[in-house]
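K.L.:
pasting the sequence and the predicted model now:
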Amino acid sequence: MSEPQTKKIKAQLTPKGVFKFPALTKPDTYKGATKYKTGLVLDPNNEEVAAFIQRLERIRDEHVEKVKKYLTDEGKPGLAKKVATREVFRNEEDKEGNDTGMIVLNAAMKSEYVDRKTGDVIPLFPKFFDAKGQKIKKAPEIWGGTVGRLGVDIMPTCREADKAWGVGLFLDAVFIVDLRGPAGRGASDYGYTGDEGGYSYDGDDDDTSSDYSAAGVPADDGEDDDF
């Protein structure tokens with residue numbers, strides 16, 4: 001039996017949440033790694049959120065069972081028993097370290113990659129869409145508090161420090177519902193709920209389509225290749 005490989009489930013849409021410490025139009029560099037990233041604050045009592053979390057846990061657990069079976073079949077039952085899991089989210093805390101009752105998912109993507117054939121460094125950028133699913137050619141400045149969804153690839157990941165399995169959300173697209181900029185206020189702060197359903201990009205773009213379903217949590221598509 002071959003060692004189980006991690007596979008990405010591509011083009012998945014998160015529930016709607018609030019962006020926390022977003023670096024989406026300009027990447028952030030931390031410990032030598034430059035990435036686009038954001039936290040997504042969600043209400044765990046929301047039905048769509050609960051279903052999405054359960055799905056992430058199922059993806060994690062199904063892979064962990066494959067890893068355990070592989071180790072057992074290879075005559076390493078002791079190692080199989082040590083295979084651990086970790087939460088697919090973290091609890092949000094306020095500035096005083098108190099639990100807010102909300103949860104946070106983290107998503108990130110590298111800002112570049114090296115072409116294996118040519119050695120060229122190729123820049124990467126997230127895709128941006130408005131609330132109608134129209135592609136945004138020039139992304140606005142996105143600050144914390146912006147409400148939206150994320151288009152991500154999902155894959156089981158193993159944390160190096162404790163060898164515990166969770167899931168990684170690999171950022172691909174950003175859907176803006178209620179934009180917050182430098183002023184810190186969005187439309188909802190003024191009691192405006194949106195005649196057209198949310199933030200709308202007023203620009204020309206030949207490609208206005210999105211690969212992401214707007215009807216909640218899409219089903220697994222079985223495609224291949226932290227929190």
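P.N.:
That came in fine, so what should we check first?

K.L.:
list the helices and strands the helix or strand where Gly101 lies packs on?
P.N.:
Using DSSP states H and E, Gly101 sits in strand 99-110. Where contact means 3 or more CB pairs under 8 Å, 6 or more residues apart in numbering; DSSP states H and E, strand 99-110 is packed against strand 33-42, strand 90-93, strand 164-178. The C-beta positions use only the backbone N, C-alpha and C, and glycine is treated the same way.

K.L.:
what about 10 Å?
P.N.:
strand 17-30, strand 33-42, helix 47-73, strand 90-93, strand 147-159, strand 164-178 (3 or more CB pairs under 10 Å, 6 or more residues apart in numbering; DSSP states H and E).

K.L.:
now Val64: how far from Lys82?
P.N.:
Distance of Val64 to Lys82, given as CB to CB, to the nearest Å: 12 Å.

K.L.:
so Pro15, which of the three states?
P.N.:
Under DSSP: H, G, I helix; E, B strand; the rest coil, Pro15 falls in the coil class.

K.L.:
for it, give its distance to Val147.
P.N.:
11 Å.

K.L.:
same question, Lys68
P.N.:
In terms of CB to CB, Lys68 sits 39 Å off from Val147.

K.L.:
how about the contacts made by Asp61?
P.N.:
Thr85, Val88, Pro156, Trp165 (CB atoms under 10 Å, 6 or more residues apart in numbering).

K.L.:
what subset of the residues you listed is buried?
P.N.:
With neighbours counted by 16 or more other CB atoms under 10 Å, the contacts of Asp61 contain buried members at Val88, Pro156, Trp165.

K.L.:
residue ranges in this protein under the pLDDT threshold?
P.N.:
Along the chain, the parts satisfying pLDDT under 70 run over 1, 183-198, 203-211, 213-227.

K.L.:
of the contacts of Asp61, closest to Ala107?
P.N.:
Val88 (12.0 Å; CB to CB).

K.L.:
from what I can see that closest one touches Leu169, true?
P.N.:
Yes. Val88 is within contact range of Leu169, at 9.0 Å (criterion: CB atoms under 10 Å).
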